[in-house]
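> This is a predicted model, with the sequence first.
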There are 2 protein chains.
Amino acid sequence: MQDRNVLLTIKYDGTDFCGWQRQPGTKTVCGTLEEVLTRLLGFEVRLDSTSRTDSGVHAYGQRATLRGQFGIPADRIPRAANDMLARDRYECVGEIEIVAAEDKPEGFHARFDAKGKRYIYKISNAPQVDIFRRNYCYQITRPLDVEKMRQAAEIIVGEHDFAAFMSMGSTPQDSTVRNVWSIDIAKDGTDINIAVSGDGFLYNMVRIITGTLVEVGLGRRSADDVRLAIETQDRTKAGHVAPPHGLYLDEVFY
Amino acid sequence: MQDRNVLLTIKYDGTDFCGWQRQPGTKTVCGTLEEVLTRLLGFEVRLDSTSRTDSGVHAYGQRATLRGQFGIPADRIPRAANDMLARDRYECVGEIEIVAAEDKPEGFHARFDAKGKRYIYKISNAPQVDIFRRNYCYQITRPLDVEKMRQAAEIIVGEHDFAAFMSMGSTPQDSTVRNVWSIDIAKDGTDINIAVSGDGFLYNMVRIITGTLVEVGLGRRSADDVRLAIETQDRTKAGHVAPPHGLYLDEVFY
């Protein structure tokens, strides 16, 4: 029997997890999923994911592959695993939900075959904070100028060296050039959602793009500053790292 | 100098608390607030609240009194305490928020002077669960018949012996007669909010009323069953205890 290679689409609320990546003795999304899938499938499951999201970061469409020999049809995995992931007897709702599962050819890899990704960063710009949303969006009570944010976003879109938009201390990259395909800023009442799509992202890149756009929206930074950050590749010229709890890995493109 | 008696109005997300009531070595809403107010005011603060909400239960308008000798004007307490309650440097948003504070006469008591309370129980009746709302509403994916729920609610409203709507193992009550003033069931898209007002509530009473109405809405119980539960005062004739995370202490009436 040949190994199967099943691609999972995974939604999770990252609030109570120490990120995606498995760490012994720590509650992580990957570790929790591997434990449940190991119980379900009867062998030691190891997942390969597209992205190692940080602590507090959420996902609507994380992707990970599951390799091994097992009989259960791919489309039965979500329901069976979600029942095991559910918190309690009241409702079948957990912190993680497998949204879909499909068989892929042997050589397929969740990360290496990804052509790009879309993240959504959620901001609430209401004049009052809402404690019930504190884990799910970045709450900025001073008014943001969305038009200015859109103008600055135009400067960021395209292929650039994004060294200024990467957190220090991250693992060295061969190249800090990335192609940001689009940044769409949607306003719905007092909610502002920033959708950032591109071929790849440096460590904390979406959160630094967001922090920079927020500072532009508050009038603390100009479009020219953003241009300078890209040109000089100087981290200190870009904005702060927006908090993890506003960030959602939305979709992976293959 | 005479002791002041300040009434606080408190909002909280009960998700990560072991309920309201102070318990050594445990994270509770009351314990957390007392610690912050003790630091703020410089003396050992003890709070008297209206209601001892359970683990996972939320509040928009819990009330508690704070007695002692201190100079800070009541209306400055919320901002100062909320800054200390805020999670981090990013945003001034915590799990607890003091919404208001006002001086009251010496004899005023948050619980004994309360004429009644309103709770809101939040249900999501969408066909799919939403993991991001799992701590904030009761998610029922099978369709609920709201009209039938409203008819059954009419039977519950009024002064009755609610012994059937009280959890076993609760502290003995002098009387299990309570007056439910109103039950309003509002439907907004797939959200169903049940507002229950009354002069007082037995242990788990709102959650058992909700569980009973949910079973009526699912067709598992009839309006006659509800009438029988009230008449016989038999706990087994009423519905299940709806989960804590859908319940919000909304307002206390003085």
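Received it, and whenever you're ready, just let me know what you need.

> how about the residues of the stretch 101-250 of chain A near chain B?
A:Val129, A:Asp130, A:Ile131, A:Phe132, A:Arg134, A:Tyr136, A:Tyr138, A:Gln139, A:Ile140, A:Thr141, A:Ala242, A:Pro243 (Cβ under 8 Å from any Cβ of the partner chain). To be clear about C-beta, it is placed using only N, CA and C from the backbone, and glycine gets the same treatment.

> Generate a PyMOL selection restricted to the buried entries among the residues you listed.
What follows is the PyMOL syntax for the buried subset of these, where burial is set by 16 or more other Cβ atoms under 10 Å in any protein chain shown:
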select buried, chain A and resi 129+130+131+132+134+136+138+139+140+242+243
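
> Report the two of the residues of the stretch 101-250 of chain A next to chain B separated the most.
By the measure Cβ to Cβ, A:Phe132 and A:Ala242 form the most distant pair in these, at 19.9 Å.

> Can you find the helix or strand in chain A with the smallest mean pLDDT?
helix A:77-85 (a mean of 94; mean pLDDT, DSSP states H and E).

> Which elements pack onto the following helix or strand past that one?
Note on helix A:77-85: by DSSP states H and E, the next helix or strand toward the C-terminus is strand A:96-103. Applying 3 or more Cβ pairs under 8 Å, 6 or more residues apart in numbering or on different chains; DSSP states H and E, one finds that strand A:96-103 contacts strand A:4-12, helix A:29-41, helix A:77-85.

> What's the mean pLDDT across strand A:96-103?
Strand A:96-103 comes out with an average pLDDT of 97.

> strands paired with it, and their directions?
Looking at strand A:96-103 with DSSP bridges, its partner strands are strand A:4-12 (antiparallel).

> ok, residues contacting the strand it pairs with?
Strand A:4-12 has contacts (Cβ atoms under 8 Å, 6 or more residues apart in numbering or on different chains) with A:29, A:33, A:47, A:58-70, A:74, A:77, A:95-106, A:108, A:110, B:131.

> From the chain's centroid, how far away is that strand?
Centroid displacement of strand A:4-12 relative to its chain, using Cα atoms, centre = their mean, to the nearest Å, is 15 Å.

> Kindly calculate the angle that that strand makes with helix A:29-41.
Angle, strand A:4-12 to helix A:29-41, by axes from the mean of the first three to the mean of the last three Cα atoms, to 10 degrees: 130 degrees.

> The nearest residue to A:Asp113 once chain neighbours are set aside: neighbouring residues, count only.
Of all residues not flanking A:Asp113 in the chain, A:Tyr254 sits nearest, at 5.6 Å (Cβ to Cβ, 6 or more residues apart in numbering or on different chains). Other residues near A:Tyr254 come to 12 when the count uses other Cβ atoms under 10 Å in any protein chain shown.

> Assess the claim that A:Tyr254 and A:Ala114 are in contact.
Yes - between A:Tyr254 and A:Ala114 there is a contact under Cβ atoms under 8 Å: 6.2 Å.

> Am I right that A:Lys115 is in contact with A:Asp199?
Yes - the pair A:Lys115 and A:Asp199 passes the contact test of Cβ under 8 Å, sitting 6.8 Å apart.

> the more surrounded of the two?
A:Asp199 (15 against 9).

> got a list of what that one touches?
Counted by Cβ under 8 Å, 6+ apart, A:Asp199 has contacts A:Lys115, A:Gly116, A:Arg178, A:Asn179, A:Trp181.

> For those residues, which two are the farthest from each other?
Farthest apart among the contacts of A:Asp199 - using Cβ to Cβ - are A:Lys115 and A:Arg178, which lie 13.0 Å from each other.

> what's next to the least confident helix or strand of chain A, contact-wise?
By Cβ under 8 Å, 6+ apart, the surrounding residues in contact with helix A:77-85 are A:6, A:8, A:32-33, A:36-37, A:39-40, A:72, A:92, A:94-101.

> ok now do A:Ser167, which residues does it touch?
A:Tyr203, A:Asn204, A:Ile208, A:Val241.

> And for A:Met166?
Contacts for A:Met166 (Cβ under 8 Å, 6+ apart) come out as A:Gln173, A:Thr176, A:Leu202, A:Tyr203, A:Asn204, A:Met205, A:Ile208, A:Arg235.

> hmm, try it at 10 Å
Taking Cβ atoms under 10 Å, 6 or more residues apart in numbering or on different chains, we find A:Met166 in contact with A:Gln173, A:Thr176, A:Arg178, A:Phe201, A:Leu202, A:Tyr203, A:Asn204, A:Met205, A:Ile208, A:Gln233, A:Arg235, A:Ala238.

> which residue packs closest to the second one, ignoring adjacent ones?
Nearest non-adjacent residue to A:Thr176, counting by Cβ to Cβ, 6+ apart: A:Ala163, 4.2 Å away.

> What pLDDT does the model give A:Lys27?
For A:Lys27, the pLDDT comes out at 96.

> My guess is it contacts A:Asp16. True?
Yes - with contact defined as Cβ atoms under 10 Å, A:Lys27 reaches A:Asp16; the gap is 6.8 Å.

> Please enumerate the shared neighbours of these two.
Common contacts of A:Lys27 and A:Asp16 (Cβ under 10 Å, 6+ apart): A:Glu95.

> Tell me which of these two has more neighbours.
A:Asp16 (15 against 12).

> My guess is the more buried one contacts A:Glu95. True?
Yes - A:Asp16 lies in contact with A:Glu95 (Cβ under 10 Å); the separation is 6.4 Å.

> so what sits against both of the two?
Common neighbours of A:Asp16 and A:Glu95 (criterion: Cβ under 10 Å, 6+ apart): A:Lys27, A:Val29, B:Asn135.

> what about A:Glu91, how many neighbours?
Counted with other Cβ under 10 Å, A:Glu91 comes out at 19.

> isn't it right next to B:Arg142, touching?
No - assessed by Cβ under 10 Å, A:Glu91 is found out of contact with B:Arg142, at 11.3 Å.

> thinking again about what came up before, want to throw the contacts of A:Ser167 into CSV with pLDDT, secondary structure and distance to B:Val214?
Shown next, in CSV, are the contacts of A:Ser167 (pLDDT from 0 to 100; DSSP: H, G, I helix; E, B strand; the rest coil; distance: Cβ to Cβ, whole Å):
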residue, pLDDT, secondary structure, distance to B:Val214
A:Tyr203, 94, coil, 46
A:Asn204, 96, coil, 44
A:Ile208, 98, helix, 46
A:Val241, 96, coil, 43
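
> out of those residues, who's nearest A:Glu147?
A:Glu147 lies nearest to A:Ile208 out of those, by Cβ to Cβ, at 21.3 Å.

> any idea how far that closest one lies from A:Ser55?
Counting by Cβ to Cβ, to the nearest Å, the gap from A:Ile208 to A:Ser55 is 17 Å.

> out of the two, which sits in the busier spot?
For A:Ile208 versus A:Ser55, neighbours defined as other Cβ under 10 Å are more numerous around A:Ile208 (24 against 16).

> Can you show me the helices along chain A?
Residue ranges of the helices in chain A, as given by DSSP state H, are A:29-41, A:77-85, A:146-156, A:205-217, A:223-232.

> re the thing from before, which one of the contacts of A:Ser167 is nearest B:Ala86?
The shortest gap between B:Ala86 and any of the contacts of A:Ser167 belongs to A:Val241, at 18.0 Å (Cβ to Cβ).

> give the contact list for that closest one.
Going by Cβ under 10 Å, 6+ apart, A:Val241 touches A:Phe165, A:Ser167, A:Tyr203, A:Asn204, A:Met205, A:Val206, A:Arg207, A:Ile208, A:Thr210, A:Gly211, A:Thr212, B:Tyr90.
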